[in-house]
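**Student:** Need a 3D model of the sequence below.
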Amino acid sequence: MQRHPTRRTLMAASAAALALPALAQPQSKTPLTNAALAPNPAEFRKAMADFSKGAKPQAEGLHLDVPTLADNPAAVPVKVKVTLPITEQDWCEEIIVLADLNPAPLACRLQFTAAAGTAEAAARVRLTQSQTIHALARMKSGKLLAASHAVTVAASGCGM
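**Tutor:** Sure thing, here's the model as predicted:
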């Protein structure tokens, strides 16, 4: 009589198979330091310069919706919308969202086509501390739109 494996046996074997690759990875001997979590102003300036390509941003035409007080810094809701008319001749090609005091400032990059008919998106970003969120949008015509909003991160009882 042939015996079929039980569900418990299959689950245990699956768990063991999934754990093996993780165990084979070399573990870092150096602990995560505060320097790894520190703001990176040079990276922030580089991301701004790379996206703007020398164009001067205009304050009108881009709406940024971010809460002033973020009670969950691990998932801060961000909504960005281009309010300029989207036409076949001029549409939003790309939007980026930057968190100026995060170690990796680029939080989100979105690309659009004229067929989209609108340029808006919502995302959640992780913030390491209270800071300013920046959004930049590049139009097909070369116009650069900018908006920013300060966010205060509330420390929760559970920590981050």
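**Student:** Go through stretch 134-144 and flag the buried ones.
**Tutor:** For stretch 134-144, a neighbour-count test (16 or more other CB atoms under 10 Å) marks 134-140, 143-144 as buried. C-betas here are computed from N, CA, C, even on glycine.
**Student:** can you tell me how far Arg124 sits from Leu136?
**Tutor:** With distances taken as CB to CB, to the nearest Å, Arg124 is found 19 Å from Leu136.
**Student:** now do Ala146
**Tutor:** Going from Ala146 to Leu136 by CB to CB gives 5 Å.
**Student:** any shared contact partners between these two?
**Tutor:** When contacts are counted by CB atoms under 8 Å, 6 or more residues apart in numbering, Ala146 and Leu136 are jointly contacted by 57, 62.
**Student:** Shouldn't Asp50 be within a helix?
**Tutor:** Yes - under DSSP: H, G, I helix; E, B strand; the rest coil, Asp50 sits within a helix.
**Student:** which residue sits closest to Thr152 in space, ignoring its chain neighbours?
**Tutor:** Take Thr152 and drop its neighbours on the chain: the residue closest to it by CB to CB, 6 or more residues apart in numbering is Ser130, 4.7 Å away.
**Student:** Now do the one you found against Leu64, distance only.
**Tutor:** To Leu64, Ser130 is 17 Å away according to CB to CB.
**Student:** the more surrounded of these two?
**Tutor:** Legend: neighbour count by other CB atoms under 10 Å for Ser130 and Leu64, higher for Leu64 (19 against 15).
**Student:** For that one, which residues are in contact?
**Tutor:** Neighbouring residues of Leu64 by CB under 8 Å, 6+ apart: 78-80, 133, 135, 147-149.
**Student:** switch the cut-off to 6 Å
**Tutor:** Applying CB atoms under 6 Å, 6 or more residues apart in numbering to Leu64 gives the contacts 80, 135, 147, 149.
**Student:** how about those in JSON lines, adding pLDDT and secondary structure?
**Tutor:** JSON lines is the format used below for the contacts of Leu64 (pLDDT from 0 to 100; DSSP: H, G, I helix; E, B strand; the rest coil):
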{"residue": "Val80", "pLDDT": "97", "secondary structure": "strand"}
{"residue": "Ala135", "pLDDT": "97", "secondary structure": "strand"}
{"residue": "Ala147", "pLDDT": "97", "secondary structure": "strand"}
{"residue": "His149", "pLDDT": "97", "secondary structure": "strand"}
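**Student:** Write a PyMOL command that selects only the buried members of these.
**Tutor:** Buried members of those, defined by 16+ other CB under 10 Å, are picked up in PyMOL with:
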select buried, resi 80+135+147
